[in-house]
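*Asks:* How does the following fold in three dimensions:
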Amino acid sequence: MNGNNPQDETLAQTEDAQSQTATDQVQSDAERDAAAVQALIAENASLKDKVLRTLAEMENLRRRTDKEVADAKLYGVTSFARDMLTFGDNLKRALESVPAEARAEADTALKSFVEGIELTERDFLSRLSRHGVRKLEPKGQKFDPNFHEALFEAHDESLVPGTVAQVVEEGYAIGDRVLRPAKVGVAKGGAKPN
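*Replies:* The predicted model follows:
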């Protein structure tokens, strides 16, 4: 047979067209699949980023919550402790109101009463310290406006200027926060710092 048969040529053209259509279809499907894969990869990256951000945010929230809980434990008694400082001051004033001569000459009942108030004051201060409240001891230290309140300047040649010379009212702190600043007199003049 001769390859010039028109029917064979038409059949060959049809097969070529079908083959081309099939090839185009396969390429179109591959392109669509590649685009779908690219879209899934982009969506996966976006979701991974969101998950990582959420995890980081949750970790930060956990840390903040832990810090807030620790602060609440440490500083939760702040208002109550501040109110109780007045009670401690009153105990101290009661003890200071009894002159030393009266204590020495006092009968047993008055001595027992004074000793009872002293014991109550010590117990009160020890209970405050168990809850993190500490007494500030500024005398002889450099004046610090974060912990001390200056009431006056005292001329004292033996102290370096800016040193706490006298404590008028005791100060207290809880943790690293001041409950009540110490009211002090600050040295003026005197020896120069080294």
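*Asks:* and the residue nearest to the spatial centre of the chain, what pLDDT?
*Replies:* Residue closest to the average C-alpha location in the chain (CA atoms, centre = their mean): Lys67, at 5.5 Å. Model confidence at Lys67, expressed as pLDDT, equals 92.
*Asks:* Let me know the distance separating it from Lys48.
*Replies:* Look at Lys67 and Lys48: by CB to CB, to the nearest Å, they are 29 Å apart. In short, each C-beta sits where N, CA and C put it, glycine included.
*Asks:* so which strand or helix has the residue nearest to the centre of the chain?
*Replies:* Following DSSP states H and E, one finds Lys67 within helix 6-75.
*Asks:* packing partners for that helix?
*Replies:* Here helix 6-75 touches no other helix or strand, going by 3 or more CB pairs under 8 Å, 6 or more residues apart in numbering; DSSP states H and E.
*Asks:* Going forward, count from 287.
*Replies:* Renumbered: residue one is now 287, and that last one reads helix 292-361.
*Asks:* SS state for Val472?
*Replies:* State at Val472, reduced to three classes by DSSP: H, G, I helix; E, B strand; the rest coil: strand.
*Asks:* where does the chain have low pLDDT?
*Replies:* Using pLDDT under 70 as the threshold, the predicted model of the chain has low-confidence ranges 287-290, 292, 476-480.
*Asks:* Let's see that with 80 instead.
*Replies:* For the chain, the stretches with pLDDT under 80 are 287-315, 360, 475-480.
*Asks:* Now stretch 338-347: buried residues?
*Replies:* Buried positions in stretch 338-347, judged by neighbour count with 16 or more other CB atoms under 10 Å: none.
*Asks:* Restricting to C-alpha, output that stretch in PDB.
*Replies:* In PDB, the C-alpha atoms belonging to stretch 338-347 read as follows (Å, rounded to 0.1, in the frame of the first residue of the first chain):
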ATOM      1  CA  LEU A 338       4.700  29.400  65.800                       C
ATOM      2  CA  ARG A 339       3.400  32.900  66.700                       C
ATOM      3  CA  THR A 340       0.700  31.400  68.800                       C
ATOM      4  CA  LEU A 341       3.100  29.200  70.600                       C
ATOM      5  CA  ALA A 342       5.400  32.100  71.300                       C
ATOM      6  CA  GLU A 343       2.500  34.200  72.500                       C
ATOM      7  CA  MET A 344       1.300  31.400  74.800                       C
ATOM      8  CA  GLU A 345       4.800  31.100  76.200                       C
ATOM      9  CA  ASN A 346       5.000  34.900  76.800                       C
ATOM     10  CA  LEU A 347       1.600  34.700  78.500                       C
END
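*Asks:* list the contacts for Leu381?
*Replies:* Contacts here follow CB atoms under 8 Å, 6 or more residues apart in numbering; on that basis Leu381 touches Val400, Ile403, Glu404, Glu407.
*Asks:* So among those, which ones count as buried?
*Replies:* Val400, Glu407.
*Asks:* Any chance of JSON lines for the contacts of Leu381, columns secondary structure?
*Replies:* Shown next, in JSON lines, are the contacts of Leu381 (three-state DSSP):
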{"residue": "Val400", "secondary structure": "helix"}
{"residue": "Ile403", "secondary structure": "helix"}
{"residue": "Glu404", "secondary structure": "helix"}
{"residue": "Glu407", "secondary structure": "helix"}
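*Asks:* I appreciate the help and will end here.
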